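1. return atomic coordinates for the entry below.
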Amino acid sequence: MTIAPDNAQQGASHLYLTMRDVMQSMDDVIPGKFEITKEGIVHDMMSPGGPHEVTAAHVSRRLEKLMPDELLAHNGTPDVEDAPEGIMRHPDVMVIAWTDLDVEGSIDPRTIVAAIEIVSQSNPDNDWVGKVRDYPLIGIPIYAVFDPRTGTGAVFTEIHSTPEGPRYATRKDFVYGEDVTIAEWTISTERLPRYA
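-> Next up is the predicted model:
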């Protein structure tokens, strides 16, 4: 887990900063991945492995073959954080400019071109519900979900205002085997692994 610089913490609530401290204390002790949402701390109990990591690697590599050199499909640390909104997420893959990745602390979500998640077996609602809500709220313009449980996915785009806050206006579903367009790049979903 990475920590935002002091100026990013100024607009953060006391509750959010407390949750970040709790997450940091658990991060090296309890297995799995931790994120913060409006509802609290999300704990994906199982560390990703197997089909989850292979899917992230395939998607990243397929995108990078098509993208300009100044962008990368990054699947590592750091976290993406909007402290004033009280949200800290960790996309499985993020399309971002090299210059926007080269910062101390967390990534500003408004610099991300697209966030990509591979649905985990232990907490699928985190990707299908929580992140569909949180990503437009923190300004991520494109969100793609790959679901190795079902061999399906969706790409969410076009953030618009609603009474409940910013939401994606468009959802394009796909089935593994079809081509999928993420931002400007169309990649194959052929031979992506499924969970057993």
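
2. can you classify the nearest residue to Ala169 once chain neighbours are set aside by secondary structure?
-> Nearest residue to Ala169, sequence neighbours excluded (Cβ to Cβ, 6 or more residues apart in numbering): Glu158, at 4.0 Å. Quick note: C-beta positions are derived from backbone N, CA and C, even for glycine. Under DSSP: H, G, I helix; E, B strand; the rest coil, the three-state class of Glu158 is strand.

3. Glu158: neighbour count?
-> 12 (other Cβ atoms under 10 Å).

4. can you give me the helices in this structure?
-> In the chain, helices defined by DSSP state H lie at 6-9, 14-27, 51-64, 98-101, 124-125, 131-137, listed in chain order.

5. can you tell which of these is closest to Ile182?
-> helix 51-64 (6.7 Å; Cβ to Cβ).

6. name the helices or strands packed onto the closest one?
-> Judged by 3 or more Cβ pairs under 8 Å, 6 or more residues apart in numbering; DSSP states H and E, the packing partners of helix 51-64 are strand 71-74, strand 93-97, strand 112-118, strand 143-147, strand 185-188.

7. can I get it in CSV, CA atoms only?
-> Coordinates of each C-alpha in helix 51-64 appear next as CSV, following Å, rounded to 0.1, in the frame of the first residue of the first chain:
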residue,chain,number,x,y,z
PRO,A,51,-6.3,-17.3,-13.9
HIS,A,52,-6.7,-13.9,-12.2
GLU,A,53,-3.0,-13.0,-12.7
VAL,A,54,-2.7,-14.7,-16.1
THR,A,55,-5.8,-12.7,-17.4
ALA,A,56,-4.3,-9.4,-16.1
ALA,A,57,-1.0,-10.2,-17.8
HIS,A,58,-2.7,-11.1,-21.1
VAL,A,59,-4.9,-8.0,-21.1
SER,A,60,-1.9,-5.8,-20.2
ARG,A,61,0.3,-7.3,-22.9
ARG,A,62,-2.4,-7.2,-25.6
LEU,A,63,-3.1,-3.5,-24.9
GLU,A,64,0.5,-2.5,-24.8
